[in-house]
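*Asks:* just the structure for this:
(one chain, ligands or ions: 1)
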Amino acid sequence: MKKVVLRAIGMLCWAMAGQAFAQQPIVIKFSHVVTPDTPKGKAADYFKKLAEERTKGKVKVEVYPNSQLYKDKEEVEALQLGSVQMLAPSLAKFGPLGVRDFEVFDLPYLLHNYDDLHKVTQGPVGAALLKKLDSKGIVGLAYWDNGFKQMTANRPLKLPQDCKGLKLRIQSSKVAEAQMRTLRAIPQVMAFSEVYQALQTGVVDGSENTYSNIYTQKMHEVQKVITATDHGYVGYAVIVNKKFWEGLPADIRATLEGAMQDATKYANQIAKQENDIAMEAIKKSGKSQIVALSAQERAAWKKALIPVHEQMAGKIGKDLIQSIYKATGFDPNNL
Ligand code: LMR
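*Replies:* This is a model prediction of the structure:
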């Protein structure tokens, strides 16, 4: 009798443990390097909300902002190892993954506004680029916008020659490096989390970034001038570990794909506005002066930097560059 009771209790415990196990949510760790109040930070939090609501708690998305878990290079390694499942690195940071093609987005003055950008990211060129990640064990899910880059320094950089000799922080992109060398500046590759301190202590003299990144990292508090060059673009590809993604139950994956689509719409709706708000906040802070370029000064910047397209064609692909010219109607000979 005692044996029967013990066996029944044992079976009950086993069933309860099994049920508890079945109820464990699937966890997606989503690491990123910016603050929660940026276009990417807000979109990541929105994806979390939609994913958790729509899967009725079967999926839990843990968002780790501000390089809290990993810095730029480490987060890509962590994704490949499966220590995190989802990232949205800047398109300038795909070199360590062996997909430098994304650096095409770093070509100076290639994209002039969000319309141009969307013709690429929401068209066949963007889709083909994401497909290239497959062979690296990664699935590219979407493009999330940020905005256009401005130069920061302790003096105005109204003409390309004003950059001569300055140590300027860049992301780990060969195109960004070529751009800075063309300006006769000294490029310094540095993780995003280290930029504020490097600017504050004078390890670098300046940097390039969007208004939202400048403002939320408080870079404007340690740089006297932001020159409104709009010379390049910063944006993201949302990527996920392929083994993890393809191993998800089909219904869950479909729900997450829907959540990602809606989070992407949201991301790309707020990006411009977030950057405009950040620009106004910088102006209002009085800590850094925003200097506009005249038409002639802008033309001089373009004239100096557009040859970088030709220079980098061997590294990132002439055909790829041409396909973007075709999608946006860009003509390097008619500026
Ligand atoms: C940078 O490193 O400057 C940016 O790409 C950071 C980011 O993710 O926006």
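
*Asks:* list the contacts of stretch 65-79.
*Replies:* Stretch 65-79 is contacted from outside by 29, 31-36, 41, 44, 64, 84-87, 89, 93, 96-97, 138, 171-172, 191-194, 239-241, using Cβ atoms under 8 Å, 6 or more residues apart in numbering. For glycine as for every other residue, the C-beta is placed from the backbone atoms N, C-alpha and C.

*Asks:* can you tell me the helix or strand for Gly140?
*Replies:* Using DSSP states H and E, Gly140 sits within strand 138-148.

*Asks:* same for that strand, what does it pack against?
*Replies:* helix 39-54, helix 114-121, helix 124-131, helix 211-216, strand 233-241, helix 242-246, helix 250-285 (3 or more Cβ pairs under 8 Å, 6 or more residues apart in numbering; DSSP states H and E).

*Asks:* any chance of these in CSV, plus mean neighbour count, distance to Val204 and mean pLDDT?
*Replies:* Output for the helices and strands packed on strand 138-148, formatted as CSV (neighbours: other Cβ atoms under 10 Å; distance: least, Cβ to Cβ, whole Å; pLDDT from 0 to 100):
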stretch, mean neighbour count, distance to Val204, mean pLDDT
helix 39-54, 21, 23, 98
helix 114-121, 19, 27, 98
helix 124-131, 16, 30, 98
helix 211-216, 26, 14, 98
strand 233-241, 25, 17, 98
helix 242-246, 15, 36, 98
helix 250-285, 17, 19, 98
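
*Asks:* turn those into CSV, including distance to Gly165.
*Replies:* Formatted as CSV, the helices and strands packed on strand 138-148 follow (distance: least, Cβ to Cβ, whole Å):
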stretch, distance to Gly165
helix 39-54, 33
helix 114-121, 32
helix 124-131, 35
helix 211-216, 22
strand 233-241, 25
helix 242-246, 44
helix 250-285, 26
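
*Asks:* which stretch among these comes nearest Lys164?
*Replies:* helix 211-216 (22.4 Å; Cβ to Cβ).

*Asks:* what does the protein put close to the ligand?
*Replies:* When proximity is defined by Cβ under 6 Å from any ligand atom, the chain lies next to the ligand at 33-34, 90, 146, 171, 192, 209, 213, 234.

*Asks:* can you do 5 Å?
*Replies:* Taking Cβ under 5 Å from any ligand atom, the part of the chain that reaches the ligand is made up of 33-34, 90, 171, 192.

*Asks:* which among the residues you listed end up buried?
*Replies:* Neighbour-count burial within those applies to 33-34, 90, 171, 192; the criterion is 16 or more other Cβ atoms under 10 Å.

*Asks:* of the residues you listed, closest to Ile324?
*Replies:* Among these, and counting by Cβ to Cβ, the member closest to Ile324 is Ser90, at 17.6 Å.

*Asks:* alright, that wraps it up for me.
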